[in-house]
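A.B. asks: make a model of this:
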Amino acid sequence: MEIVSGMSYVNELFKEMIFEGDVLFGCSFQNCAFLTCRFDRTNLMGVEFSDVIFDRCEWNLANVAGCDLRSVTFKDCKLVGINFTKCHAHLFHLDFDNCLIDTCNFSLLKLKKTAFIKCIIRESRFIETILTESTFEYADLENTIFHQCDLEKVDFSHARNYLIDPMVNKMKGAIFSLPEAISLLSGLGITLK
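C.D. replies: Now for the predicted structure:
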């Protein structure tokens, strides 16, 4: 099936499609699934995804300016260089399961109750992000920045490689596992022997 700019798609399955440098301006996808598709430098400006699942897909440097992401799930996906701050914030909701998230920006977003389960999140940014009641269970957060975030009741159970300063983030009720939780002391200037 060929996707045409400006068209609406409902209850469709898109399989093994490659969108390399394509422009999908004004498309609407509702209750659709994308299976093993690639979005390489794809322009998703003004595209609406509602109740959509991306399974084993790749998003590499896709332009998501003005994109609507409502109840979107990424499963076993690879996302590189995506600036989610450019998306429409209204009804914005994402979930990630076993994804590689590399050099992505989630700053200034409201991501309450968002799942980042079993994800590798490398060199990504969460600055002034509201993550209340989200979960990063079993996530690897190598070189990922959390600064001035609301991390209240966030579940970091079995997460690793995080460096979160409790002095600049709201963390009441957050859940951490030992021994990784010891890294929280590094922002307090405390030395352990």
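
A.B. asks: now Lys86, what are its backbone angles?
C.D. replies: The phi and psi values for Lys86, taken as degrees, to the nearest 10, are phi -80, psi -10.

A.B. asks: count of neighbours near Arg125?
C.D. replies: The number of residues packed around Arg125, counting by other CB atoms under 10 Å, is 19. Quick note: C-beta positions are derived from backbone N, CA and C, even for glycine.

A.B. asks: can I get stretch 91-98 as CSV, trimmed to CA atoms?
C.D. replies: The C-alpha atoms that make up stretch 91-98 are tabulated as CSV, following Å, rounded to 0.1, in the frame of the first residue of the first chain:
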residue,chain,number,x,y,z
LEU,A,91,-3.1,14.7,24.3
PHE,A,92,0.6,13.6,23.8
HIS,A,93,1.2,10.1,25.2
LEU,A,94,3.9,7.6,24.4
ASP,A,95,5.0,4.2,25.7
PHE,A,96,8.2,2.4,25.0
ASP,A,97,8.9,-1.3,25.5
ASN,A,98,12.4,-2.8,24.9
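
A.B. asks: list the buried residues in that stretch.
C.D. replies: Applying a neighbour-count criterion of 16 or more other CB atoms under 10 Å, one finds 92, 94-96 buried in stretch 91-98.

A.B. asks: straight-line length of stretch 117-124, end to end?
C.D. replies: Start to finish, the residues bounding stretch 117-124 are 16 Å apart (CA to CA, to the nearest Å).

A.B. asks: mind listing which of the buried residues of stretch 91-98 are in strands?
C.D. replies: In this view, the buried residues of stretch 91-98 that belong to strands under DSSP state E are 94-96.

A.B. asks: which residues of this structure score low on pLDDT?
C.D. replies: Across the chain, the ranges flagged by pLDDT under 70 are 1, 181-193.

A.B. asks: let's go with 50 and repeat that
C.D. replies: Judged against pLDDT under 50, the chain has no low-scoring part.

A.B. asks: quick check: beta-bridge partners of Phe126?
C.D. replies: Under the criterion DSSP bridges, Phe126 forms beta bridges with Phe146.

A.B. asks: sweet, I'm off.
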